[in-house]
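# sequence first, predicted model second:
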Amino acid sequence: MSEKSLSEIAKRMRDIDIAMLSTHTDGGAIAGRPMSNNREVDYDGDSYYFTWEKSRMVEDIRGNSKVSLAFQGKKAFSVAVEGQAEVIKDKAEFKDHWTPDLDQWFEDGIDTKGVVMIKISATRLHYWDGEDEGEVKLSAKRRK
């Protein structure tokens, strides 16, 4: 097992735009859906995604905030993230993570009615890089 740092992993994640976000649904099922990370290239253990407040995903998170993310990069590089999700409705926080690409989905930008941001704070990352693999455990205090 390798000992890569969070910053080394983040550097490799820079070119990955889509993650699979998995939540726990009613009855214990697991639901996954692709989400754009909006090229958040300075990954520090927190991920941000915009969606509709009335989505099933938001309902799932409100029922069980433990989620996972899966990233697939180039040359057999993959990252699995376990974390805690929270639903954010504060437009001031939206501004820090909004990109112009989002305007195609949310026509009034951060003022679009019903838009929310999901923040996922990682607690554990497991990565694979060819035959190399390893794990990084994170705490909220470590990222502040």
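Happy to help now that I have it.
# wait, Ala70 sits on Ser22?
Yes. Counting by CB atoms under 8 Å, Ala70 touches Ser22, with 7.4 Å between them. To be clear about C-beta, it is placed using only N, CA and C from the backbone, and glycine gets the same treatment.
# any common contacting residues for those two?
Gly32 (CB atoms under 8 Å, 6 or more residues apart in numbering).
# show me the helices in the chain, by range?
6-13, 56-63, 91-95, 140-143 (DSSP state H).
# the longest strand anywhere in the chain pairs with which strands?
Longest strand in the chain, counting residues (DSSP state E): strand 115-129. Taking DSSP bridges as the criterion, strand 115-129 pairs within the sheet with strand 46-52 (antiparallel), strand 77-88 (antiparallel), strand 132-137 (antiparallel).
# now render the helices of the chain as JSON lines, adding mean pLDDT, distance to Ala29 and mean neighbour count.
Below are the helices of the chain laid out as JSON lines (pLDDT from 0 to 100; distance: least, CB to CB, whole Å; neighbours: other CB atoms under 10 Å):
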{"stretch": "helix 6-13", "mean pLDDT": "86", "distance to Ala29": "28", "mean neighbour count": "17"}
{"stretch": "helix 56-63", "mean pLDDT": "96", "distance to Ala29": "10", "mean neighbour count": "17"}
{"stretch": "helix 91-95", "mean pLDDT": "93", "distance to Ala29": "30", "mean neighbour count": "13"}
{"stretch": "helix 140-143", "mean pLDDT": "48", "distance to Ala29": "28", "mean neighbour count": "10"}
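# sweet, I'm off.
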